[in-house]
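Q: here is a sequence together with a model predicted from it:
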Amino acid sequence: MKMGCQRLIVAAGMKCWVPVLAVLVASALAGSPAGAQGGGGRHAISLGGAPKYPQGFRHFDYADPAAKKGGTLVLPGDGGYDTLNPFSLKGRSAFLLENLVFESLTERSQDEPFTEYGLLAEFIEPSADGLSLTYRLNPKARFSDGRPVTAEDVVFSFTVLRSPAASPFFRYYYQDIQAVEALDRLTVRLRFAGKNRELAMIAGQLPILPKHIYGAKDFGEGFVRAAVGSGPYRVKEFDFGKFIRYERNPEHWARALNLNVGRYNFNEILVKYYRDETVRLEGLKAGEFDYLSVNVAKQWAVDVKGDKWNNGWLVKEELKHSNNAGIQGFAFNLRRPIFQDRRVRKALALAFDFEWSNRTLFYGQYVPSHSFFSNSDLAARGLPSPAELKLLAPLRKQIPPEVFAEAVDVLGKNLGGERERLRESLRLLREAGWRVKDGALTDTATGQPLRFTVTLVQPAFQRVVEPYLNQLRKLGVQADMKVVDDAVYQRLMDTKDFDMVVHSFPESQSPGNEQREYWGSAAADQEASRNVIGIKNPAVDALVEKIVAAENRADLVTATQALDRVLWHEHYVVPQWYINSHRVTYWNKLRHPARLPLYYTPFSWLAYWWVDPAQAQALEAAIQANRPLGR
């Protein structure tokens, strides 16, 4: 499960502050009271037993209660932004805006994959029949203007965010919530269209907006001048496309809440926008900002080094994680007729030489993608299990025969080297009715050449795409690439007006309702939906519903592995790679807790960092004296 457009992990890198990893409710809906409290309310709901942290816990284990408050954190933004509305279909909102300014009913811990704790909601109560959920709001909860958060604000938020005024993501994600009603000033009840155990968790992830600010005007226009929420920060000043400055709200209602101990330590967070990765790295070296998450292997291996690192002024660190890697790849647009034959897609995928790219371009830093759910127990392994076959057998006529006969593994692993893979590509293309004519791969039925463009938003990706295009040219494919700016790229993605893009499909530890928008037929023709590929496959739809309806972890894993097999053997993307660590570099005045979370992004973890005043002074003295830090 993923929340909100700003929390996607896209090909350009991590774009979120708090990753909302998906979670399910186990006994919370159908049995033992995991996290039950006196009076019927629960402080948390969890999959598979009691939450790790009991009611009244002091702080999360990965938080440092001794973290110092103060200072300014300066971060780089990517490209630009043109709106203060992170929930609208129109425009691109400022980096971190949704996660710093707004809050949700619940908050997940980053060392449990399937548990969420009450934030705006003090207590949570699922009904015994699993058809409704009641939240009791924390009476201390306030928006940044001092007005209390009420049940009417929750009702308003569900209503407006599921309306055409907001991103269609919310309508898909919450489509099974039938009604939302305020029972009194602090109590709200959600009614579900049917039993969907995931809803008890994801309902709490909805951002809560102040009705008195946004309820009496056009939803989009309401954000022109200001963004008002209940979160730990407020927007202090901004200049569209150039910068945005957040200030910590000293009166934040939840500043002493156990969920926030050791968190949100910077007095201000300033985001400066850069349009080029090289310029961004040079800006770090020049001290224009404090912290950089590096997503380009060449930068990490070649450029993130030098005197400033040797002197200890800058730190270079790899932070291990256990995140589900999902899949990144060259995504086909099935709305284009040339990509509608699965054999053509497989042929084009086999032409990508990952081993050469990893060795030559990436300095051996990556692992080849071998699943749509890489780096997790949700990835299909070997041949289908008996439990998977029960789901797949009724769909046999609708899915590739390889689903039953071939393991999900690195594409072309058993074919040998480059020549063997290209030879198999040509065989598949001939089988699909394509022949090389005058040097161009041509459809024998229509006489049209196989021609397409790879659209990029990151100039740095050209070095990855060019070798792939060279391989395709050996097959007679007339492929090229183009780089566009952020605004153009966003519009092309919203309208699905592209042939092929580099895209990441992020996944959580527990997939659910969001799979409908990733792969579901109903989302294929919806503007701005996350069905980037344009998949309309009834077998995929059926397996997605099995995931949504899973009654326990075992059923969820089985359904996800079955879906993985179908997605993989349909060859909807040209698989690329993943890495099980975050690569970060920062000025040596920042500190972070000794214990890492398990499931996090670089920016969700950064919420627990702080500026060490003594270290900042020592660093400044070392820079002024042009000497190594600590001498």
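A: Arrived safely.
Q: buried sites along stretch 493-503?
A: 493-494, 496, 498-503 (16 or more other Cβ atoms under 10 Å). All C-beta atoms are positioned from the backbone trio N, CA, C, and that covers glycine.
Q: that should have said stretch 458-469, apologies.
A: Buried residues in stretch 458-469, counting neighbours by 16+ other Cβ under 10 Å, are found at 458, 460-461, 464-465, 468-469.
Q: what average pLDDT does that stretch get?
A: For stretch 458-469, mean pLDDT rounds to 94.
Q: need the contact list for Asn513.
A: Neighbour list for Asn513: 1, 172-176, 196, 198-199, 202, 548 [criterion: Cβ atoms under 8 Å, 6 or more residues apart in numbering].
Q: alpha carbons of the helix ranked longest in the chain, as PDB, please.
A: When the chain is scanned for its longest helix (criterion: DSSP state H), the result is helix 553-570. Extracted C-alpha coordinates of helix 553-570, given in PDB (Å, rounded to 0.1, in the frame of the first residue of the first chain):
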ATOM      1  CA  ARG A 553      -0.400 -13.500   5.600                       C
ATOM      2  CA  ALA A 554      -0.100 -16.900   4.000                       C
ATOM      3  CA  ASP A 555      -3.000 -16.200   1.600                       C
ATOM      4  CA  LEU A 556      -1.500 -12.800   0.900                       C
ATOM      5  CA  VAL A 557       1.900 -14.200   0.000                       C
ATOM      6  CA  THR A 558       0.300 -16.900  -2.200                       C
ATOM      7  CA  ALA A 559      -1.800 -14.500  -4.100                       C
ATOM      8  CA  THR A 560       1.000 -12.000  -4.600                       C
ATOM      9  CA  GLN A 561       3.400 -14.700  -5.800                       C
ATOM     10  CA  ALA A 562       0.700 -15.800  -8.300                       C
ATOM     11  CA  LEU A 563       0.300 -12.300  -9.500                       C
ATOM     12  CA  ASP A 564       4.000 -11.900  -9.800                       C
ATOM     13  CA  ARG A 565       4.300 -14.900 -12.100                       C
ATOM     14  CA  VAL A 566       1.600 -13.500 -14.500                       C
ATOM     15  CA  LEU A 567       3.100 -10.000 -14.500                       C
ATOM     16  CA  TRP A 568       6.600 -11.400 -15.100                       C
ATOM     17  CA  HIS A 569       5.700 -13.700 -18.000                       C
ATOM     18  CA  GLU A 570       3.600 -11.100 -19.700                       C
END
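Q: hang on, the earlier thing: save the contacts of Asn513 as JSON lines, and put in secondary structure too.
A: What follows is these, written out as JSON lines (DSSP: H, G, I helix; E, B strand; the rest coil):
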{"residue": "Met1", "secondary structure": "coil"}
{"residue": "Tyr172", "secondary structure": "helix"}
{"residue": "Tyr173", "secondary structure": "helix"}
{"residue": "Tyr174", "secondary structure": "coil"}
{"residue": "Gln175", "secondary structure": "coil"}
{"residue": "Asp176", "secondary structure": "coil"}
{"residue": "Asn196", "secondary structure": "coil"}
{"residue": "Glu198", "secondary structure": "coil"}
{"residue": "Leu199", "secondary structure": "helix"}
{"residue": "Ile202", "secondary structure": "helix"}
{"residue": "Val548", "secondary structure": "helix"}
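Q: I'd assumed Val344 was in a helix, is it?
A: Yes: assessed with three-state DSSP, Val344 lies in a helix.
Q: how far away is the closest residue to it other than its chain neighbours from Tyr117?
A: Spatially, and ignoring its direct neighbours in sequence, Val344 is nearest to Ala432 (5.2 Å; Cβ to Cβ, 6 or more residues apart in numbering). Counting by Cβ to Cβ, to the nearest Å, the separation of Ala432 from Tyr117 is 52 Å.
Q: out of these two, which sits in the busier spot?
A: Tyr117 (27 against 17; other Cβ atoms under 10 Å).
Q: any idea how far Ala550 lies from Gly512?
A: 8 Å.
Q: these two: who's more crowded?
A: Gly512 (26 against 21).
Q: quickly list what Gln328 is bridged to.
A: Beta bridges link Gln328 to Ser504 when assigned by DSSP bridges.
Q: that one against Val501, yeah?
A: No: proximity of Gln328 to Val501 does not meet the contact threshold set by Cβ atoms under 8 Å, at 11.0 Å.
Q: quick one, what contacts the residue lying closest to Met481 once chain neighbours are set aside?
A: Nearest residue to Met481 in three dimensions, chain neighbours excluded: Val454, at 4.2 Å (Cβ to Cβ, 6+ apart). Val454 sits next to 330, 465, 468-469, 479-482, 499-502 when contact means Cβ under 8 Å, 6+ apart.
Q: tell me which element Val454 is part of?
A: strand 451-456 (DSSP states H and E).
Q: for that strand, the distance to its chain's centre please.
A: Chain-centre distance of strand 451-456: 24 Å, with Cα atoms, centre = their mean, to the nearest Å.
Q: what do you get for stretch 337-350?
A: Centroid separation for stretch 337-350 versus its chain: 27 Å, with Cα atoms, centre = their mean.
Q: swap in stretch 109-118?
A: 17 Å.
Q: do stretch 406-425 as well
A: 30 Å.
Q: also stretch 73-93?
A: The chain centre lies 16 Å from the centre of stretch 73-93; the measure is Cα atoms, centre = their mean.
Q: end-to-end on that stretch?
A: 20 Å (Cα to Cα, to the nearest Å).
Q: and that stretch, which residues are buried?
A: 73-81, 83-89, 91-93.
Q: and stretch 337-354, by the same measure?
A: Buried residues in stretch 337-354, counted by 16+ other Cβ under 10 Å: 338-339, 341-354.
Q: with stretch 319-337 instead?
A: Using 16+ other Cβ under 10 Å as the test for burial, stretch 319-337 gives 321, 323-335.
Q: related to what we said a few turns ago, need the contacts of Val454 in TSV (columns: secondary structure).
A: As requested, those are arranged in TSV below (three-state DSSP):
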residue	secondary structure
Phe330	strand
Val465	helix
Tyr468	helix
Leu469	helix
Ala479	strand
Asp480	strand
Met481	strand
Lys482	strand
Asp499	coil
Met500	strand
Val501	strand
Val502	strand
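Q: okay, those residues in TSV with distance to Pro613 next?
A: Listed next are the contacts of Val454 as TSV, based on distance: Cβ to Cβ, whole Å:
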residue	distance to Pro613
Phe330	47
Val465	46
Tyr468	49
Leu469	51
Ala479	54
Asp480	53
Met481	48
Lys482	48
Asp499	53
Met500	50
Val501	45
Val502	42
